[in-house]
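> Mind looking at a prediction? Sequence and model below.
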Amino acid sequence: MAKNIMIQGTMSNAGKSLLVAGLCRIFKQDGYRVAPFKSQNMALNSFITRDGGEMGRAQVVQAEAAGITPDVRMNPILLKPTTDIGSQVIVNGRVQGNMGAMEYSRRKKEYLPAVLEAYRSLAAEYDIIVIEGAGSPAEINLRQDDIVNMGFANLVDAPVLLVGDIDRGGVFAQLYGTISLLEPEERRRIKGTVVNKFRGDRSILEPGLRTLEELCGVPVVGVVPYIHVDIDDEDSLTERFDRTSARKLIDIAVIRLPYISNFTDFSPFERYNNVSLRYVNHVEDLHQPDMMILPGTKSTISDLLWLRQCGLEAAVQKAAASGTLVFGVCGGLQMLGRKISDPQQVEAAGIAEIHGMGLLEMDTIFRPEKVQTQTKGVFEGIDGLLADLNGKHYEGYEIHMGRSKEKLPALVGAGNVYGTYIHGIFDTLDVCDTILKALCRQRGIDFSLLESFDRREYKNRQYDLLADAVRRSLDMDFIYRVLNRKV
């Protein structure tokens, strides 16, 4: 069975996912077969595997860093929020239904055998499993039925490194307070602490680090700097949403829906030096982009109502009428149609039918069975601004409850309004380049000025940069001793 180590955090967004990815890359570089694991993930960014299973994108990123194929066993439970108190529950890649927080809390023990089976089967195939916790292990109200932090660490006998986020302030209180709230047997699992997202001179930290070690009784394993790498973020806490980006030669605005999902679909546009990609949730911030994107959402109807109420729907319709390229992905595609029906209340909006934006000639009806599949092919039958996509290859995956036509083409629309159900469609270099070339023609700009590059090589380089930074910052000799149970 594989050796294991678990990364827990003092809070959400402490940097656990990125550190797990970094460790996966390091262990791969050191010659080990390594896999990531997170028993329960709550996120709206998901991925469809080759066999049609759905899993969180954070574990997909970690698998890529480890150089292996993503597998739903790496994330056996995925919770996709549908309301403030409810989520769609996915176990081993398949939908179990929508549940309120209390119902899921009562039922999650039913899923524990599936979680353990997933972990043990991975552990039989790999040398090292790097396990990621969720939120904080010090949520004392959740301790009794925990299956993702110390509860799971106990089940698989995993040593723990506890990570705190110094960028948000109070890191010493975070780490000491978390350890203090743990039970004695839980404290014994913690082998060291990590100060993450540090900017500045480490020597200034040293007195605090020494005191922290005395208080916690475990060493500080490392101080990890704020790492600037271009790696997909886990969920809606991403800093991408808070970036202010000046308009570049080509400007793309993504509407930041309340339940936005799979926003990583659009990261390929960020890898052109002269393309600006902005996330917008106010009309006054929209300005006049060259392309407007309606992204995926876990709650199409409620997000469409939000667009209507805040004035962004009217802004999208006005932009479409003026010739701006408008592009919808999944839920965004559904919004662009004439009508959305939900007779069986698959979504949680409580609305049986709502009219769409009327920019595409299609209707959508929600059904309880979820479409989960990888897909690829060749574009055909496209008219208008993006006609040059005809004959180009596409590849990606579909995740949706709505059905819009019996045989929907990969790209729907014409003129300057289009949509697709395919997530990851922009990852194909030809697709991204062709769309940007069309925008350049509209603006009278030479496409070569956008300065594109090889994405696959670029992504691998980012994982190596992450691993280099993590290796320099952590005491890897100590971590290997932890893995070998010599600490």
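It's in.
> residues in contact with Ser87?
For Ser87, the set of contacting residues under the criterion of Cβ atoms under 8 Å, 6 or more residues apart in numbering consists of Met42, Leu79, Lys80, Pro81, Asn98, Met99, Ala101, Tyr104. C-beta here means a position set from N, CA and C on the backbone, and glycine is covered the same way.
> all helices of the stretch 101-250 of the chain, in order?
Counting by DSSP state H, counting those that start in this stretch, the segments of the stretch 101-250 of the chain that form helices are 101-107, 112-123, 150-156, 171-181, 184-187, 202-216.
> Would you mark the buried spots in the fourth one?
In other words, helix 171-181. Along helix 171-181, these residues count as buried under the neighbour rule (16 or more other Cβ atoms under 10 Å): Val171, Phe172, Gln174, Leu175, Tyr176, Thr178, Ile179.
> nearest to Gly331, of those?
Taking Cβ to Cβ as the measure, Gly331 sits nearest to Gln174 out of these, at 35.7 Å.
> helix or strand right after whichever helix or strand Ile365 is part of?
Ile365 is part of strand 363-378, with elements assigned from DSSP states H and E. Scanning the chain past strand 363-378 towards its C-terminal end, the next helix or strand to appear is strand 393-403 (assignment: DSSP H and E).
> then stretch 88-106 to PDB, C-alphas only?
What follows is stretch 88-106, C-alpha atoms only, in PDB (Å, rounded to 0.1, in the frame of the first residue of the first chain):
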ATOM      1  CA  GLN A  88     -25.900  18.500  -5.900                       C
ATOM      2  CA  VAL A  89     -24.200  15.400  -4.400                       C
ATOM      3  CA  ILE A  90     -21.900  13.400  -6.700                       C
ATOM      4  CA  VAL A  91     -20.400  10.100  -5.500                       C
ATOM      5  CA  ASN A  92     -17.800   8.300  -7.500                       C
ATOM      6  CA  GLY A  93     -18.600  10.500 -10.500                       C
ATOM      7  CA  ARG A  94     -22.400  10.000 -10.500                       C
ATOM      8  CA  VAL A  95     -25.200  12.300  -9.300                       C
ATOM      9  CA  GLN A  96     -27.000  11.100  -6.200                       C
ATOM     10  CA  GLY A  97     -29.400  14.100  -6.200                       C
ATOM     11  CA  ASN A  98     -29.800  17.500  -4.600                       C
ATOM     12  CA  MET A  99     -29.600  17.700  -0.900                       C
ATOM     13  CA  GLY A 100     -29.900  20.300   1.800                       C
ATOM     14  CA  ALA A 101     -27.000  20.700   4.200                       C
ATOM     15  CA  MET A 102     -28.800  18.900   7.000                       C
ATOM     16  CA  GLU A 103     -29.800  16.000   4.800                       C
ATOM     17  CA  TYR A 104     -26.300  15.500   3.500                       C
ATOM     18  CA  SER A 105     -24.900  15.700   7.000                       C
ATOM     19  CA  ARG A 106     -27.200  12.900   8.000                       C
END
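> Give me the secondary structure label for Ala469.
Three states are possible here, and by DSSP: H, G, I helix; E, B strand; the rest coil the one that applies to Ala469 is helix.
> So what's the residue count around the residue lying closest to it once chain neighbours are set aside?
The shortest distance from Ala469 to any non-neighbouring residue, by Cβ to Cβ, 6 or more residues apart in numbering, is to Ile227 (4.8 Å). Residues lying near Ile227 (other Cβ atoms under 10 Å) number 18.
> And Lys38, by the same measure?
Lys38 - counted by other Cβ under 10 Å - has 29 other residues nearby.
> again with Glu380
Residues contacting Glu380 under the criterion other Cβ under 10 Å number 12.
> what bridges to Gly222?
Here Gly222 sits in beta bridges with Val194, Leu474, as judged by DSSP bridges.
> these two touch, right, it and Asp475?
Yes - here Gly222 reaches Asp475: they are 5.9 Å apart, a contact under Cβ atoms under 8 Å.
> any weak-confidence spans in this protein?
233-245, 406 (pLDDT under 70).
> Show me how the record splits it into domains.
If the domains of the chain are taken from automatic domain parsing, they occupy 3-231+461-483, 250-444, with pieces of a single domain joined by a plus sign.
> I'd like those domains laid out as TSV, including distance to Leu450.
Conversion of the domains of the chain to TSV gives the following (distance: least, Cβ to Cβ, whole Å):
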stretch	distance to Leu450
domain 3-231+461-483	16
domain 250-444	4
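> out of those domains, nearest to Phe453?
Closest approach to Phe453 among the domains of the chain (Cβ to Cβ): domain 250-444, 6.9 Å.
> what's the span of that closest one, first residue to last?
Between the opening and closing residues of domain 250-444 lies a distance of 11 Å (Cα to Cα, to the nearest Å).
> just to revisit the earlier point, who has more neighbours out of Gly222 and Asp475?
Taking neighbours as other Cβ under 10 Å, Gly222 and Asp475 compare with Gly222 leading, 23 against 15.
> follow-up on the earlier one: in terms of contact, does the residue nearest to Ala469 touch Ala467 like I think?
No - Ile227 sits out of contact with Ala467 when judged by Cβ under 8 Å, with a separation of 10.3 Å.
> Just the residues contacting stretch 90-106, thanks.
Applying Cβ under 8 Å, 6+ apart, the external contacts of stretch 90-106 come out as 46, 49, 51-55, 72-73, 76-80, 82, 85-89, 107, 111, 114, 118, 145, 348, 370, 372.
> which of the residues you listed are buried?
Burial of the contacts of stretch 90-106 was assessed by neighbour count (16+ other Cβ under 10 Å); the buried members are 46, 49, 52-55, 72-73, 76-80, 82, 86-89, 111, 118, 348, 370, 372.
> what's across from Ile293 in the sheet?
Bridge pairing for Ile293 - DSSP bridges - gives Val254, Phe327.
> Spell out the residue ranges of the strands in the stretch 51-200 of the chain.
Read by DSSP state E, counting those that start in this stretch, the stretch 51-200 of the chain holds these strands, from start to end of the chain: 54-56, 77-83, 86-91, 94-100, 128-132, 160-165, 190-198.
> now for those strands, which one comes closest to Val283?
Evaluated over the strands of the stretch 51-200 of the chain, closeness to Val283 peaks at strand 77-83, with 25.2 Å, by Cβ to Cβ.
> I'd like to know how many residues surround Gly391.
Around Gly391 there are 11 residues (other Cβ under 10 Å).
> let me redo that: Ala124
9.
> contacting residues for it?
Under the criterion of Cβ under 8 Å, 6+ apart, the contact partners of Ala124 comprise Met1, Ala2.
> Could you measure from it over to Leu112?
Taking Cβ to Cβ, to the nearest Å as the measure, Ala124 falls 19 Å from Leu112.
> Having no further points to raise, I will conclude here.
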